[in-house]
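Colleague: Please find the sequence and the predicted model below.
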Amino acid sequence: QVQLVESGGGLVQAGASLRLSCAASGRTENMNIAAWFRQAPGKERELIGAVTWSTENTWYADSVKGRFAISRDNAKNTMYLQMNSLKREDTAVYYCAARKSWGPVSGAYDYWGQGTQVTVSS
């Protein structure tokens, strides 16, 4: 099992930056792909980015490409989501997730964090 804990959410103004963290513990060798999702009120959960843990290759949804960046620190078993130029529409609960299987980043994830709220005000 892998346990994931997000942190770093909060209330910021539009245009500001925020960095989320996702700390992993447990059987972290089961993490080959890790991802960030978000879910806004009344909307479906959205995959916004993913990273391959070993090579740090990244993928981003068009909605965040060029503004958000994923990185990971192997030594700390932590993944980050740097969010720049935040917009009101970025307001959501942000979740990190991970899985052992390879394949498309849109596939199912085995491990999930509890989520952290990000609210962007105008």
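Modeller: All right, it came through fine. Numbers count the residues shown, from 1 in each chain.
Colleague: center of the protein - which residue?
Modeller: Centroid-nearest residue in the chain: Trp36, 2.4 Å away (criterion: Cα atoms, centre = their mean).
Colleague: Give me the pLDDT value at that one.
Modeller: At Trp36, the model reports a pLDDT of 98.
Colleague: Which phi and psi values does it adopt?
Modeller: Dihedral angles phi and psi of Trp36 (degrees, to the nearest 10) take the values phi -120, psi 130.
Colleague: which residues touch it?
Modeller: Contacts of Trp36 were listed using Cβ atoms under 8 Å, 6 or more residues apart in numbering, and they are 20, 22, 47-50, 68, 70, 79, 81, 94-97. Where you see a C-beta, it was placed from the backbone N, CA and C, and this is true even at glycine.
Colleague: give me the beta-bridge partners of it?
Modeller: Gly49, Cys96 (DSSP bridges).
Colleague: For this protein, which segments are assigned as strands?
Modeller: For the chain, the strands defined by DSSP state E occupy 2-7, 10-13, 18-26, 33-39, 46-52, 58-60, 68-73, 78-83, 92-99, 111-112, 116-121.
Colleague: could I get those as CSV with distance to Val105?
Modeller: Output for the strands of the chain, formatted as CSV (distance: least, Cβ to Cβ, whole Å):
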stretch, distance to Val105
strand 2-7, 16
strand 10-13, 27
strand 18-26, 15
strand 33-39, 6
strand 46-52, 4
strand 58-60, 5
strand 68-73, 11
strand 78-83, 14
strand 92-99, 10
strand 111-112, 15
strand 116-121, 21
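Colleague: Residue ranges in this structure under the pLDDT threshold?
Modeller: Nowhere does the chain drop to pLDDT under 70.
Colleague: same thing but at 90, please
Modeller: Applying pLDDT under 90 to the chain flags residues 30, 103-107, 122.
Colleague: What about the closest residue to Gly8 other than its chain neighbours, how many residues nearby?
Modeller: Distance criterion Cβ to Cβ, 6 or more residues apart in numbering; nearest residue to Gly8, sequence neighbours excluded, is Leu20 at 4.2 Å. Applying other Cβ atoms under 10 Å, we find 24 other residues in the vicinity of Leu20.
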